[in-house]
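> A structural model of the following input is requested.
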Amino acid sequence: MSSMRLAGGLVIDPAGPADGVRDLCVQDGRIVSLDPRAPVDETIDASGCVVMAGGIDLHTHIGGGKVNLARLLMPESHRGDAQCGGCVPGTLDTGHRYAQMGYTAAFEPAMVASNARHAHMEMGDTPILDHGAYVMLGNDEFFLQLLAEGGAAGGNFEAIRDYMGWTLRATRAMGVKVVNPAGISAFKFNQRKLDVDERHVHWQVTPRQVVHTLARALRELGVPHPLHIHGSNLGVAGNIASTLETIRALEGLPAHLTHVQFHAYGTDGPRKFSSAALELAEAVNANPAISIDVGQIIFGQTVTASGDTMRQHAQAGFGSPRKWVGADLECEAGCGVVPFRYREQSYVNALQWVIGLELFLLVRDPWRVVLTTDHPNGGPFTSYPHLIRLLMDRAFREEQLARLHPEVAANCALRSITRELSLHEIAIMTRAAPARLLGLPDRGHLGVGAAADIAVYREHADREAMFQVPEYVFKDGTLVARGGRVVATPVGGTHFVEPDYDRGIEKRLRAHLAAHGSVNFDHIAIGHDELCRCCNGGRLLPAACFPDGRAAP
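This is a model prediction of the structure:
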């Protein structure tokens, strides 16, 4: 048995009893309690350092078809002197760069069911990181047909719930993501917008019905991570109304609203484009069942990659450089990839930057706010240390604010927000909260029995420098990075759920796929052995569902 003691570090562990200077002991890849006099194989002096659990990125596009399309569309991003600075790195770089910042897990938020094997293989090819994915539902024809045939009374709810359970198991997903509810499908029928209470021109269902049905079914299946929602009207001025209606449509059911910066726009002022961060923050503060990630934009070159074909088609003309890819994925989903450069002197981009920071600082409960840039859509994940400094250092934030478009800098609410996040709050947003939201009881904390995923940062007044290069990073007790240099590349594990469902749905689904699908029903489901092979031999880490999802509070 191997053992190690990290001695004298300031342990920041929001899920633990209290932060403070203490030793942290590891044995065989787990946090353990040892007598201070007990001998260990190795002792590391962590005095003057901050010790946290490994970071967990709850929403980052790192595996699947659209990410590869982004890489193909932006070959210049892979050159060392490129202006993109590696905004869509390959699998090897992705694993290395996350580990070099102290992150040990990352979750792909938009896996298409028909592409699940490829997504798992790509994540398995990403070294060091544990990983998982949310499967996309809510625009697939089988779901919409069941919802339409069931009518307003929800007559097909049980069939929909069982179909979702089958899909989660078959694709080895960690949760369900809905993108522009019913809107991707509506785009294929030549609709160019679909608000929360508008009807799909063919199926005659509304996004409100889609969101509520998916959220309720996930709750009844007992899946820990609530419905992951990319709402209607992304990027559209005035879309705060759609976002607030989406929250109301849930009727108190748990949900996670993703990259909400892109969904918090008003129409005030002469430009008819304004911040609605306060309205959204008030709604989140008032609804304890709602969690969010922000999708902060970072100035510079990136590439936007989304399943939201409707909105990506609308934004294609703003591409920089001027090229894009759009695709319909048969009866299942869609995909759009548009390069983009965020500019400080652009009124819209500057306001987007402000809105994201306002949301971080106005939502009171850090357990319901996750730090993201919606990589690569708002900016690359490598910018997290910079974002952390913006949130922790008001003076630095004001310096950056002064560089923006003058109308935004002079009039935004951000100027009057004095809050500076603490190390404790950053540890919640980047570690403890994602673990809790995903239902991972042994991750995101440093309590006895937790996986020894640990990041050790040298205390530094410049928080960007501090979080950029940890002194030590451990994955399951193995040292993987030291002083910014990767020293080991273990294979990460795969997180997924296996909810129970009525197998009777399979007969109906088999008939549907035989008539309309391109993949044989018998070839869709991924077994444990195949998943292990797809994921490069990494450990399988099934997450427990609620014992009785239908009775869960």
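
> quick one: secondary structure of R219?
Classification of R219 by DSSP: H, G, I helix; E, B strand; the rest coil places it in helix.

> excluding chain neighbours, what is closest to it?
Once flanking residues are discounted, R219 sits nearest to L253: 5.9 Å by CB to CB, 6 or more residues apart in numbering. The C-beta positions use only the backbone N, C-alpha and C, and glycine is treated the same way.

> list the residues that contact the one you found.
L253 is in contact with H212, A215, R216, R219, P226, L227, A289, counting by CB atoms under 8 Å, 6 or more residues apart in numbering.

> swap in 10 Å and give it another go.
If a contact means CB atoms under 10 Å, 6 or more residues apart in numbering, then L253 has V211, H212, L214, A215, R216, A217, L218, R219, P226, L227, A289, I290 as its contacts.

> from the contact counts, what lies against whichever helix or strand the fourth one is part of?
It stands for A215. Per DSSP states H and E, A215 falls inside helix 207-221. Here helix 207-221 touches helix 141-150, helix 157-171, strand 175-179, helix 183-188, strand 227-230, helix 240-249, strand 255-257, going by 3 or more CB pairs under 10 Å, 6 or more residues apart in numbering; DSSP states H and E.

> most tightly packed of those?
Comparing the helices and strands packed on helix 207-221 by mean neighbour count (mean count of other CB atoms under 10 Å), strand 227-230 comes out on top with a mean of 29.

> still on that earlier bit, distance to K323 and mean pLDDT added to the helices and strands packed on helix 207-221, as CSV?
CSV is the format used below for the helices and strands packed on helix 207-221 (distance: least, CB to CB, whole Å; pLDDT from 0 to 100):
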stretch, distance to K323, mean pLDDT
helix 141-150, 30, 97
helix 157-171, 31, 98
strand 175-179, 22, 98
helix 183-188, 20, 96
strand 227-230, 23, 98
helix 240-249, 29, 98
strand 255-257, 30, 98
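
> CSV for the ones you listed, including distance to L73?
Compiled in CSV, these are given as follows (distance: least, CB to CB, whole Å):
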stretch, distance to L73
helix 141-150, 28
helix 157-171, 26
strand 175-179, 19
helix 183-188, 20
strand 227-230, 21
helix 240-249, 29
strand 255-257, 28
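
> residue ranges with poor pLDDT in the stretch 51-200 of the chain?
77-85 (pLDDT under 70).

> and the residue nearest to R219, which of the three is it?
Taking three-state DSSP, the label given to L253 is coil.

> per-residue confidence for it?
Looking at L253, its pLDDT reads 98.

> what does R419 give?
You'll see R419 listed with a pLDDT of 98.

> that one: neighbour count?
For R419, the count of nearby residues is 13 (other CB atoms under 10 Å).

> how close does the residue nearest to W367 when sequence neighbours are not counted sit to G492?
Using CB to CB, 6+ apart and skipping the chain neighbours, the partner closest in space to W367 is A433 (4.9 Å). Counting by CB to CB, to the nearest Å, the gap from A433 to G492 is 20 Å.

> strands of the stretch 201-350 of the chain, start to end?
Using DSSP state E, counting those that start in this stretch, the strands of the stretch 201-350 of the chain run over 227-230, 255-257, 265-266, 274-275, 290-293, 300-306, 325-329, 333-342.

> give me the helices and strands touching the longest one, please.
Using 3+ CB pairs under 10 Å, 6+ apart as the contact definition, the elements that strand 333-342 packs against are helix 65-73, strand 103-111, strand 130-136, helix 183-188, strand 300-306, helix 309-315, strand 325-329, helix 347-362.

> helix/strand/coil for Q400?
Recorded secondary structure, Q400: helix (three-state DSSP).

> to what extent is it buried, counted in neighbours?
Here the number of neighbours of Q400 (other CB under 10 Å) works out to 17.

> how about it: what's its closest non-neighbour residue?
Of all residues not flanking Q400 in the chain, L390 sits nearest, at 6.6 Å (CB to CB, 6+ apart).

> again, but for A450
In this structure, A450 finds its nearest non-sequential neighbour in I31, 4.6 Å apart by CB to CB, 6+ apart.

> what comes up buried for the host helix or strand of that neighbour?
Per DSSP H and E: I31 is located in strand 30-32. Of all the residues in strand 30-32, those buried under the rule 16 or more other CB atoms under 10 Å are I31, V32.

> and stretch 43-62, by the same measure?
By 16+ other CB under 10 Å, the buried positions in stretch 43-62 come out as 44, 46, 49-62.

> between these, which is nearest L351?
L351 lies nearest to H59 out of these, by CB to CB, at 21.9 Å.

> wasn't the closest one part of a strand?
No: secondary structure assignment places H59 outside any strand; it is coil (three-state DSSP).

> look up how far R248 lies from the nearest residue to D268 once chain neighbours are set aside.
Nearest-residue entry for D268: S274, 3.9 Å, with adjacent residues in sequence omitted and distances by CB to CB, 6+ apart. Here the criterion is CB to CB. By it, S274 lies 22 Å from R248.

> pull the number of nearby residues for H424.
H424: 14 neighbours (other CB under 10 Å).

> for the helix or strand harbouring it, C-alpha coordinates in PDB please.
Counting by DSSP H and E, the element that carries H424 is helix 423-427. Output of helix 423-427 as PDB, limited to C-alpha atoms (Å, rounded to 0.1, in the frame of the first residue of the first chain):
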ATOM      1  CA  LEU A 423     -11.100  31.100  -2.000                       C
ATOM      2  CA  HIS A 424     -13.800  29.200  -0.300                       C
ATOM      3  CA  GLU A 425     -16.400  30.400  -2.800                       C
ATOM      4  CA  ILE A 426     -14.100  29.600  -5.800                       C
ATOM      5  CA  ALA A 427     -13.600  26.100  -4.400                       C
END
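
> does anything pack onto that helix? Which helices or strands?
With contacts taken as 3+ CB pairs under 10 Å, 6+ apart, helix 423-427 sits against strand 49-53, helix 384-392, helix 463-468.

> compare the strands of the stretch 201-350 of the chain and give me the one nearest V284.
When the strands of the stretch 201-350 of the chain are compared by CB to CB, strand 290-293 sits nearest V284, at 5.3 Å.

> show me the contacts for the closest residue to G155 other than its chain neighbours.
Excluding the flanking residues, the one nearest G155 by CB to CB, 6+ apart is E149, at 7.4 Å. Residues counted as contacts of E149 (CB under 10 Å, 6+ apart) are G155, N156, A159, W203.

> drop anything exposed from those.
Buried by 16+ other CB under 10 Å: N156, A159, W203, out of the contacts of E149.

> can you put these in CSV and add distance to A99?
Listed next are the buried ones among the contacts of E149 as CSV, based on distance: CB to CB, whole Å:
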residue, distance to A99
N156, 45
A159, 43
W203, 44
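
> which one of those sits closest to G9?
Nearest to G9 among those, with distances taken as CB to CB, is A159, at 52.9 Å.

> any idea how far R216 is from the closest one?
Look at A159 and R216: by CB to CB, they are 13 Å apart.

> what does L194 give?
Distance from L194 to R216, counting by CB to CB: 21 Å.

> between those two, which one's more packed in?
The neighbour count for L194 versus R216, taken as other CB under 10 Å, is higher for L194 (25 against 18).

> doesn't V236 make contact with the more buried one?
No: in this structure L194 lies outside contact range of V236 using CB atoms under 10 Å: 11.4 Å.

> do a quick rundown of the helices in the stretch 351-500 of the chain.
384-392, 394-401, 406-411, 423-427, 433-438, 463-468 (DSSP state H, counting those that start in this stretch).

> lowest-confidence stretch among those?
Among the helices of the stretch 351-500 of the chain, helix 406-411 scores lowest, at a mean of 94.

> what is that helix packed up against?
strand 274-275, helix 347-362, helix 394-401.

> ok, 8 Å please
Using 3 or more CB pairs under 8 Å, 6 or more residues apart in numbering; DSSP states H and E, the elements in contact with helix 406-411 are helix 347-362.
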